[in-house]
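Colleague: Need coordinates for the below:
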Amino acid sequence: GQCSSHYPDTPKYNFKLIYFEAVDLIVNCIKQRFDQPGYNLYMNMEQLLLNTITDQECNAEFTTVINNYGSDFDAAQLATQLDTLHCNFKGDANTRLKDIVDYFKLLPVESRSLYNQVLTLLTLILVMPATNAVSERSFSRLRRIKTYLRSTMSQKRLNHCMILNAYQEETDKLNLVELASEFVCTEHRLSIFGRFI
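Modeller: The predicted model follows:
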């Protein structure tokens with residue numbers, strides 16, 4: 001345009017402009033990340049469980065969950081089961097989602113069936129990704145594993161390689177000699193590979 005260019009008067013003022021631009025960008029990225037509809041639904045589901053246990057008001061969360069997952073829940077049963085769950089936790093204000101999961105892990109299968117609606121809600125919370133970082137990491141792994149040189153690998157082998165790559169900590173703990181011995185335990189493989197010590 002016809003306007004004259006603006007140049008900062010001092011280096012300090014220049015860096016101040018750059019700093020505030022960076023802070024503004026960070027704040028907007030954080031807002032964008034946490035103001036997503038899926039994240040709000042996830043928070044409502046989690047707050048429904050936690051507010052029920054701590055005896056806080058949770059009608060808005062309950063309505064949101066029923067409106068979004070109406071076909072998955074029976075509203076009357078879910079309300080009754082949440083009230084029963086509240087009695088079992090005795091309104092502990094320090095309860096976390098992990099405590100609820102641990103509680104259900106310790107319950108016998110027969111008792112768990114009495115909480116089928118709450119278990120469905122808990123399952124939805126646990127399987128819903130809070131961010132898309134996990135899927136992005138999966139594609140990065142896939143790019144590393146399926147290179148041009150290994151482009152003809154079968155789907156079954158690719159799945160196995162992806163699992164091994166995704167769970168590297170557990171893979172590193174495996175005893176390779178035991179695995180190799182188990183692999184060659186049949187007569188045919190034993191004649192090809194021999195024994196492992």
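Colleague: Please determine how far residue 47 is located from residue 104.
Modeller: Going from residue 47 to residue 104 by CB to CB, to the nearest Å gives 18 Å. (C-beta placed from N, C-alpha, C; glycine too.)
Colleague: out of those two, which sits in the busier spot?
Modeller: Using other CB atoms under 10 Å, the more surrounded residue of residue 47 and residue 104 is residue 47, with 17 against 14.
Colleague: Ramachandran coordinates for the more buried one?
Modeller: Main-chain dihedrals, residue 47, degrees, to the nearest 10: phi -70, psi -30.
Colleague: List the residues that contact the spatially closest residue to it that is not a sequence neighbour.
Modeller: What sits nearest to residue 47 in space, not counting adjacent residues and going by CB to CB, 6 or more residues apart in numbering, is residue 61, at 5.0 Å. When contacts are counted by CB atoms under 8 Å, 6 or more residues apart in numbering, residue 61 touches 44-45, 47-48, 51.
Colleague: So in this protein, which helix runs the longest?
Modeller: helix 11-34 (DSSP state H).
Colleague: what helices or strands is that helix leaning on?
Modeller: Judged by 3 or more CB pairs under 8 Å, 6 or more residues apart in numbering; DSSP states H and E, helix 11-34 has no packing partners among the helices and strands.
Colleague: How far does the worst-scoring helix or strand of the chain on mean pLDDT sit from its chain's centre?
Modeller: None of the helices or strands of the chain scores lower by mean pLDDT, DSSP states H and E than helix 133-145, at a mean of 76. Put simply, helix 133-145 sits 15 Å off its chain's centre (CA atoms, centre = their mean, to the nearest Å).
Colleague: quick one: contacts of that helix?
Modeller: Residues outside helix 133-145 that contact it (CB under 8 Å, 6+ apart): 129, 158, 161-162, 165-166.
Colleague: How is residue 147 assigned, secondary-structure-wise?
Modeller: Following DSSP: H, G, I helix; E, B strand; the rest coil, residue 147 is assigned to coil.
Colleague: pLDDT weak spots in the protein?
Modeller: For the chain, the stretches with pLDDT under 70 are 1, 91, 129-135, 148-149, 197.
Colleague: how about the helices of it, start to end?
Modeller: With helices called from DSSP H, the chain shows them at 11-34, 37-53, 59-68, 75-89, 97-106, 109-112, 116-127, 133-145, 155-166, 168-172, 176-183, 187-193.
Colleague: Distance to residue 4 for these - can I get that in CSV?
Modeller: As requested, those are exported to CSV (distance: least, CB to CB, whole Å):
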stretch, distance to residue 4
helix 11-34, 17
helix 37-53, 45
helix 59-68, 53
helix 75-89, 65
helix 97-106, 58
helix 109-112, 73
helix 116-127, 57
helix 133-145, 44
helix 155-166, 56
helix 168-172, 58
helix 176-183, 71
helix 187-193, 79
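Colleague: tally of neighbours for residue 111?
Modeller: Neighbour tally, residue 111, other CB under 10 Å: 10.
Colleague: Next: the one 3 residues further on.
Modeller: A count of nearby residues for residue 114, using other CB under 10 Å, gives 12.
Colleague: do the same with residue 159
Modeller: That count, for residue 159 with other CB under 10 Å as the rule, works out to 10.
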